[in-house]
Structures are given as C-alpha cells and as structure tokens.
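S.K.: give me a model of this one.
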Amino acid sequence: MPLTATTATEHLVQAARLAQARGADGGHERARWHVLDWLGCAARGARTAQGLAFQRWLQLQASGPCATLAGTGADAAAAAAYHGALGSALEMDDVHRSSVLHPGPVVLPAALAAAPADTSGPEFLGAVMAGYEVMIRVGRALGPTHYRLWHTTATAGCFGAAAAAAAVMRLDDTQTAHALALAGTRAGGLWQVRHESSLGKAWHTAGAARDGLAAAQLAACGLTGPLAVLEGPSGWFAATAPDASIHAITEPRDEPWMFDVSFKPWPACRHAHPAMDALRAVLGQVPGGTLGQALTGSPPRRRDDIERIDVSTYDDVLRFCDRVAPVDEAQARFSIQHALAAMLIYGEPQLAHYSGHALADPALAQLRSRIHLQADAALQARYPAHYGAAVRITWRDGSSHQAELRDTYGDPARPLLPAALHAKAQMLMHDAGWSAARIAAAIAACAALPTAASLTAFNAVLQP
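M.R.: Numbering: from 1, shown residues only. Next up is the predicted model:
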C-alpha cells in the first residue's frame, strides 16, 4: 500500500539516521564485531573457487586506491564487487532471521569502497549500521513469498549497500533517498543458482555491493531515482512481493536492527544450523555420546546402530537443504544430510568436512541416506522469527533419543560470545594462510574502530 505522507525510501532514510545516532550507545561496539566476522569470512573466502575467479576478474579491472584482499589496489566499483563476492563463500556470514538475509557480505564491501580518505572509525561503523538497518527493513518488508524465488540478500542488499555508501559519503537526506531509489531499480538475484551446481550466488552479493555503491555515487552527482520504487504500482512490492508489509519499513524500534543479527558458528547454510544444533543436543542425552567418536554407554551405541535420523523443521529448510547426495562443496553446505553425517563421523563442524575427501567418503554417504527431513507445522509457525528444529535418532533396537530447539546457537537468544567470535575469525584467517602477526593486527584494527581517527590500520590489514 502507498504511503500517504512520504515514500518508503524516505522512511528508510529516517530509520538509517536513527540507527547511526545510536552508535555511541553500544552500536559502534556491536558493529565492530560484524566487521571482524566479515573480515574472517572474506579472508578465507578469497581462497575458494569463487574467490579465485573474482580475483582473476579483478585483474581485468582498473587499478585504484582501494585496498583489497587480493593484494592489489582497485577502483571503488571493482573493490566493492570483489569483496562482495567473498564474505558468503563459506556460508559462515552473519544472518538476520526474520528478513532471511545476510547483511555483512554486501554492506561492508560497499561502505569500505565508498569511504573517503578522511573517514574515521566511528563514521565507518555508523555507515555500516545504516546499511544494516535499511537492508533488514527492506528484507522484512518484502516478505516470505519474495524469498521463494528471489535471493533477498541481493535484492534488499542493494538498498543496504546504497545506504551504507551514502552514509559514509556524507550525502544529505534527499541524496540518500535517491541513492536508495536508484539502487532499487537495479536490484536482482534469482534462486536458480541454488538449484544447480553453480557459483553464481557470489555474483549476487558482488553485484549488490557494486550497484549500491554506484547508486550512491550517482545520487551525489545529481541523478534522481523513483522514490516509490518499493511501494509504487510497478515497484518491488507489486512485482515480487505479494505479501509485502509497508509496516516493516516504518516500524519504530528501541534499538537498531543490527542487534537482532545472528553470527554463524559453522560452515553451512543457516537453514542447516538448527538441525546441527539439535543433533548436538540429542547426543548429549546418549551416554558417552560425543561427536565424531564411537558412542558408548549402556547399552553401547555406535554409529552403525543408527536405524534412521528424522529431522523436523520449517519449510524453507526442505526447499534449500534437503540434499542426500551433494556433488560439490557448495551443495554440501546446503545439505542437512551431509552436515549431520559429517558431525557424527568427524566431530565438531570444520571447513574440511565439506571438501572433496568428505564428499567421497562412503561411510558418510551411507549415513546420509538414513537421514530424513519433514516439515513441522509448529516450527513453521515460529519461522522466520525463530529458526528451530527437532532431531530424533532411532536405534536398531527400537529405542530413540530426540531433542527440539526453538533458537539456534549464534542467535541473539543464544549468542556467540566474544571469545567464540575471536576464535572463529582467527581460525578463518589462519586457514587463509595469514601470518600470526597479520591476524593479531586484524583483530586489533577491528577492536580499535570505535575510536579510530582513520581507517589506515584496517586498510593495512586488507592489503599488507
């Protein structure tokens, strides 16, 4: 429905400004954890197949002043696209539940590429907060039907990237509204990338970061956009979101939406995490039950004694993660069967559990075939506010163990603590081949952002 006083984009500008104003009230401290989380994911993402493809692509682009994880300087557009491709490559990027999207991989590359040379740490973090606020509000407004075909991280992400870029470029309210409007006319990203063996998902996040940046730059140069790009008769709501809610754009909040974002502990699609977490809870009920080890106790339990594993969850899990026989690393990250089987055989989830040797493991393949997914009406009713799952292991003697979780490890109700976030970033950077000195410098640079006079130390970590 159209707004009577102002357009949705103008409401989004107001929301972005309010989020920025909360920076000193804990917002900058929260934002710097998202920067660290993105940096770890992007550092290791640069070594993936899609990351290496984008590095080769970057070599075809113009050089420039923006530091990049490729080790070379690039112009702003190329830097935004390159970094935009990296953060979600491992499926360990931050995630917002009710909007079903991942803000970090899109917002942070756009903000970094747009930042003027004299940008302070607080200015940068405030721009990141603005981008998260806009991206999440748009994602929530588009609604669940949009997500069935459209990659919301890309569609709403273009708005978030534009908001972050506009904020760090210090555009006024009118310019920022037109930046969002221009971004909306370019947004896109179809989920067909997940129905085939494809690396195209990286192009979605890369394109959203690049186009959001370009929209802010064009708005600064005087280009105007359709301010009703969301709610207008030919806007995003009409074209792609039949259950859209304008209230999600205008809804007042006591704190920025960034505080409602989850951090992922494991290298798999977030829709797989509830079942992975529930499996850990089930094994906690089994005497001697430990991930990756022979199960003991009375009676003795072994993996070979598992008759079947039943996973009950919400509908989107079945659409995205019901995959008994993944054929590559990307598909394995979107397979609950693979995730649970790998946990039972190898232990706590690791990056290596989704690589070629695990995909070829006959024991893992055999165990995947005993894992069955089904939709659960109660869990679906709680989604997307809560990502839950129930897991039941049925043993060959007819006995069973089961557990159900309403929220998943990493969600605000069950958060990753600072020590876990540090450990995750360190692990990813180490696996990317970073030296201990560079890792320490990265952690220190992120920690200093709330008071940093410039981004010099952070950029030095990007391109040492």
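S.K.: so, low pLDDT: which residues of this structure?
M.R.: Segments of the chain classed as low confidence (criterion: pLDDT under 70) are 1-5, 287-300.
S.K.: tell me the domain boundaries of this protein?
M.R.: According to the domain assignment given by automatic domain parsing, the chain is divided into the following structural domains: 8-265+419-462, 270-405.
S.K.: most packed of those?
M.R.: Mean neighbour counts were compared across the domains of the chain using mean count of other CB atoms under 10 Å; the top stretch is domain 8-265+419-462, at a mean of 22. Using the backbone N, CA and C atoms, a C-beta is placed for each residue, glycine as well.
S.K.: span of it from start to end?
M.R.: Its first and final residues considered, domain 8-265+419-462 spans 36 Å by CA to CA, to the nearest Å.
S.K.: work out which residue lies at the spatial centre of this protein.
M.R.: residue 102 (3.0 Å; CA atoms, centre = their mean).
S.K.: wait, that one sits on residue 88?
M.R.: Yes. At 5.8 Å, residue 102 and residue 88 qualify as touching, with contact defined as CB atoms under 8 Å.
S.K.: shared neighbours, these two?
M.R.: Between them, residue 102 and residue 88 share these contacting residues under CB atoms under 8 Å, 6 or more residues apart in numbering: 153, 205.
S.K.: how far is stretch 347-361 from where the chain is centred?
M.R.: Taking the mean of its C-alpha atoms, stretch 347-361 sits 21 Å from the chain's own mean (CA atoms, centre = their mean, to the nearest Å).
S.K.: closest to residue 411 out of the domains of the chain?
M.R.: domain 8-265+419-462 (4.6 Å; CB to CB).
S.K.: what's the distance between the closest one and the middle of its chain?
M.R.: In terms of CA atoms, centre = their mean, the gap separating the centre of domain 8-265+419-462 from the centre of its chain is 10 Å.
S.K.: can you give me the strands in the stretch 251-400 of the chain?
M.R.: Assignment of strands within the stretch 251-400 of the chain using DSSP state E, counting those that start in this stretch yields the ranges 306-313, 371-375, 389-395, 400-405.
S.K.: tabulate those (TSV), appending distance to residue 154.
M.R.: TSV is the format used below for those (distance: least, CB to CB, whole Å):
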stretch	distance to residue 154
strand 306-313	24
strand 371-375	26
strand 389-395	26
strand 400-405	29
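S.K.: for residue 30, find the nearest of the ones you listed.
M.R.: When these are compared for distance to residue 30 using CB to CB, the nearest one is strand 400-405, at 24.5 Å.
S.K.: what sits up against the closest one?
M.R.: Taking contacts as CB under 8 Å, 6+ apart, the residues outside strand 400-405 that touch it are 274, 277-278, 281-286, 312, 388-394.
S.K.: from start to finish, how long is stretch 338-352 in a straight line?
M.R.: Distance between the boundary residues of stretch 338-352 (CA to CA) amounts to 13 Å.
S.K.: what does that stretch contact?
M.R.: Counting by CB under 8 Å, 6+ apart, stretch 338-352 makes contact with 44, 90, 265-268, 272, 275-276, 279-280, 290-293, 303, 306, 309, 311, 321, 323, 326, 332, 353-354, 358-359, 361, 363-365, 367-368, 371, 391, 431, all of which sit outside it.
S.K.: cutoff 7 Å now
M.R.: Contact partners of stretch 338-352, identified using CB atoms under 7 Å, 6 or more residues apart in numbering, comprise 90, 266-268, 272, 275-276, 279, 291-292, 303, 309, 326, 332, 353, 358, 363-364, 367-368, 371, 431.
S.K.: surely residue 327 meets residue 198?
M.R.: No. With contacts counted by CB atoms under 7 Å, residue 327 stays clear of residue 198, the gap being 11.4 Å.
S.K.: returning to that earlier point: reformat the domains of the chain as TSV; add distance to residue 413.
M.R.: Conversion of the domains of the chain to TSV gives the following (distance: least, CB to CB, whole Å):
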stretch	distance to residue 413
domain 8-265+419-462	9
domain 270-405	8
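S.K.: what values do phi and psi take at residue 208?
M.R.: Summarising the backbone geometry of residue 208 under the convention degrees, to the nearest 10, its torsions are phi -60, psi -40.
S.K.: quick one: contacts for it?
M.R.: Remark: with contacts taken as CB under 7 Å, 6+ apart, residue 208 is in contact with 84, 106, 154, 157, 158, 161.
S.K.: circling back to that earlier point, nearest to residue 242, out of the strands of the stretch 251-400 of the chain?
M.R.: The minimum distance between residue 242 and the strands of the stretch 251-400 of the chain falls on strand 371-375, with 21.5 Å, by CB to CB.
S.K.: elements contacting that closest one?
M.R.: strand 306-313, helix 315-321, helix 336-346 (3 or more CB pairs under 7 Å, 6 or more residues apart in numbering; DSSP states H and E).
S.K.: before we move on, the earlier item: closest to residue 337 out of the strands of the stretch 251-400 of the chain?
M.R.: Each of the strands of the stretch 251-400 of the chain was checked against residue 337 via CB to CB, and the shortest separation belongs to strand 371-375, namely 4.4 Å.
S.K.: now the angle between strand 306-313 and the closest one, please.
M.R.: 30 degrees (axes from the mean of the first three to the mean of the last three CA atoms, to 10 degrees).
S.K.: from the chain's centroid, how far away is strand 371-375?
M.R.: The chain centroid and the centroid of strand 371-375 are separated by 24 Å, computed with CA atoms, centre = their mean.
S.K.: contacts made by that strand with the rest, please.
M.R.: 308-315, 317-318, 322, 336-337, 340-341.
S.K.: nearest to residue 51 among those?
M.R.: Of all these, residue 51 sits closest to residue 336, with 25.1 Å by CB to CB.
S.K.: any idea how far the closest one lies from residue 207?
M.R.: Remark: distance between residue 336 and residue 207 (CB to CB, to the nearest Å) = 29 Å.
S.K.: what's the answer for residue 238, then?
M.R.: Counting by CB to CB, the gap between residue 238 and residue 207 amounts to 22 Å.
S.K.: also residue 381?
M.R.: The gap separating residue 381 from residue 207 is 34 Å, by CB to CB.
S.K.: mind listing what residue 72 touches?
M.R.: By CB under 7 Å, 6+ apart, the neighbours of residue 72 are residue 63.
S.K.: switch to 8 Å and redo it
M.R.: By CB under 8 Å, 6+ apart, the contact list for residue 72 reads 58, 59, 63, 463.
S.K.: got the phi and psi for the second one?
M.R.: For residue 59, the backbone dihedrals (degrees, to the nearest 10) come out as phi -70, psi -20.
S.K.: helix or strand for residue 17, which one?
M.R.: Under the criterion DSSP states H and E, the helix or strand holding residue 17 is helix 8-21.
S.K.: that helix packs against which elements?
M.R.: Other helices and strands packing on helix 8-21, by 3 or more CB pairs under 8 Å, 6 or more residues apart in numbering; DSSP states H and E, are helix 121-149, helix 152-168, helix 173-186, helix 247-250.
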